[in-house]
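Undergrad: Next come a sequence and a model predicted from it.
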Amino acid sequence: MARGNDVQLGGITDLNLLADIKPGFVDALEVVTYVDRLRRVLRTLNGLRLGSRESSAPASPYTDIVARWRIVHSFRWSIVDGTHGAPDRLLLSVNFDGGWEPYMRVIWDQLGSTLDLMLCHTEGYTLSRDCSFETYARWVRAHEVSADFLFIESSRSVSDAEYLARLEAAQRGRANELAFNRLRAPASGETQPLPAGDPERFAMAARGLVPLAGLYTLQRYFGAEAPDRDCLLRATHDVLFELRELDTVKQFPRDGGKTPGGQLRQRHHEMLAWFEQPLPEPSVRARELSLQPGDLQCCLLTKPPGNRGGLVMLRVAQPSQAVAWLSTAPVQRDNEDGAPLGVWRQVALTLSGLKALGLPAARLERFPQAFKEGMAARAGLLGDVRHNHPTHWALSAHVNGIDRLAPADAHVLVQLRFPAVEPGEAFSAGDEQRLRALAEALTVGSGLALMAIEPMRSNAADKEHFCFKDGISQPALAGTSTPGQAWDDTVKTG
């Protein structure tokens, strides 16, 4: 399937969004149009950014809300003035690490309220807190504009650049080999701890009043009864999340000006009262999936027991018959024991397979973008470049003895696992015979035709093909295992 309007190079994706700005005046005390208010918002945010990065001495102790997630290289907002009766438009251009959907989930989940402050000025936009991720993503896709040519000088990620900056700083002066080895790039969302001492905490809180004042000047443009009335305050809470953690009520007490904090409270009481007011909880909450081990196919949560097997690639020859077979396919569940049968089966469908089975286009569009694009189209994002590029992949031999077949070109994939027929590490003739018999059995009365068979085996000592111990740090579903003492690999369902 064709990619979206985003363009990527070397693991970095470029996204451009162009949306019409609402006409007319905002619902507020000040008489100002949507485009004028948006311009004031952008210039205020740009001024705060310039102050924190260039004129602030010492550097601002506050974390940049976008840089915190270590995914965005650069972004810019521009207002394109309409001419000859055309509407004014808002243009967003951004470069980020990785694929479109992981980035968009960070935006919707972690930065949605901040972007709402800008995007609430555009036509047809639903605030991130009031819609599902799917609805949010559809609006973005509908307003994307593709770049026809993209130049990015380096494929270094944001985390790479941060690590190299720390390494360069550590090498100044007296070199310390041990310190170099202990350097690491912070994880996404990780921030510096707040100061421990009360004087330091108060000093940091006092410095936060400067950006707060800049944002507070915008509140007169957001009416108390307007649909977007909370956008500014929510964005301010996000941008100055550390000021909220410092607790302005404690740092600036209502003591009649007896303390430095109390004096600041008296001077900025309206601004602090606005910042401290509570906001209603989002009406849209993330759904939790009720999942039991019996709902999953075998070997998804645990390592396959059999040390021999193969990947069987099939084509849908009779759609109605294939649908009937899939509803009763001989697949073991995760809580079932396949030992009595001596074989374990897993079934997967490709995008082309779902199409061949007659799934409507509207349902196909609901699948994740990564699934629709496939690994080959996302090779740059996955790091499969140069000699690892898809053009150099070793493909399976087609049963016709002539063609080569990629798994994505098949319709149905069945993984078979079984114990070795004969002792030893090599895939023996007996293993080959059993694999072919199991593969051909899948075509009997199933509406499926055999395309290719790729033999597989497990290495000795439970090590994978890079010679690492396999299965010692695999994610575990919540409620299915006990978290480790040194780390926790638990993943919530849903």
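TA: Okay, I see it.
Undergrad: So for stretch 401-418, mean pLDDT?
TA: The pLDDT scores in stretch 401-418 average 93.
Undergrad: So which bits of that stretch are buried?
TA: 405-418 (16 or more other C-beta atoms under 10 Å). Where C-beta positions appear, they are placed from N, C-alpha and C, glycine not excepted.
Undergrad: Ok, stretch 39-57 next?
TA: Of the residues in stretch 39-57, those buried (16+ other C-beta under 10 Å) are 39, 41-42, 44-45, 48, 52.
Undergrad: what sits up against that stretch?
TA: 32, 59-60, 62, 64, 77, 79, 117-118, 210-211, 214-215, 217-218, 221 (C-beta atoms under 8 Å, 6 or more residues apart in numbering).
Undergrad: tell me which of those residues is nearest to Ala394?
TA: Distance to Ala394 across these (C-beta to C-beta) is lowest for Asp64, with 44.5 Å.
Undergrad: In contact with Gln297, which residues are there?
TA: Counting by C-beta under 8 Å, 6+ apart, Gln297 makes contact with 331-334, 346-347.
Undergrad: swap that for Leu29, sorry
TA: Counting by C-beta under 8 Å, 6+ apart, Leu29 makes contact with 220, 223.
Undergrad: element containing it?
TA: Here Leu29, judged by DSSP states H and E, is contained in no helix and no strand.
Undergrad: Relative to Ala235, how far out is it?
TA: Shown here: Leu29 relative to Ala235, a distance of 19 Å by C-beta to C-beta, to the nearest Å.
Undergrad: His73 too?
TA: Distance from His73 to Ala235, by C-beta to C-beta: 22 Å.
Undergrad: Pick out whichever of these two has more residues nearby.
TA: Ala235 (24 against 17; other C-beta atoms under 10 Å).
Undergrad: quick one: secondary structure of that one?
TA: The three-state assignment at Ala235 reads helix, by DSSP: H, G, I helix; E, B strand; the rest coil.
Undergrad: Which residue is the nearest non-sequential neighbour of it?
TA: Leu117 (4.0 Å; C-beta to C-beta, 6 or more residues apart in numbering).
Undergrad: For Asp97, give me its contacts.
TA: Counting by C-beta under 8 Å, 6+ apart, Asp97 has contacts 11-13, 70-71, 73, 103, 157-159.
Undergrad: Lowest-confidence entry in those residues?
TA: Ranking the contacts of Asp97 by pLDDT, Gly11 lands last with 89.
Undergrad: Centre of the chain to stretch 58-71, how far?
TA: Chain-centre distance of stretch 58-71: 19 Å, with C-alpha atoms, centre = their mean, to the nearest Å.
Undergrad: let me fix that: stretch 303-317
TA: 30 Å.
Undergrad: Stretch 55-71 too?
TA: 22 Å.
Undergrad: list the buried ones in it?
TA: Neighbour-count burial for stretch 55-71 [16+ other C-beta under 10 Å]: 60-63, 65-66, 68-71.
Undergrad: What's the end-to-end length of that stretch?
TA: Distance between the two ends of stretch 55-71: 25 Å, counting by C-alpha to C-alpha, to the nearest Å.
Undergrad: got it, and stretch 210-227?
TA: The first-to-last residue distance of stretch 210-227 comes to 28 Å (C-alpha to C-alpha).
Undergrad: starting at the chain centroid, how far to it?
TA: So, by C-alpha atoms, centre = their mean, the centroid of stretch 210-227 is 31 Å from its chain's centroid.
Undergrad: from here on, count from 31
TA: From this message on, residue numbering opens at 31, which makes the last subject stretch 240-257.
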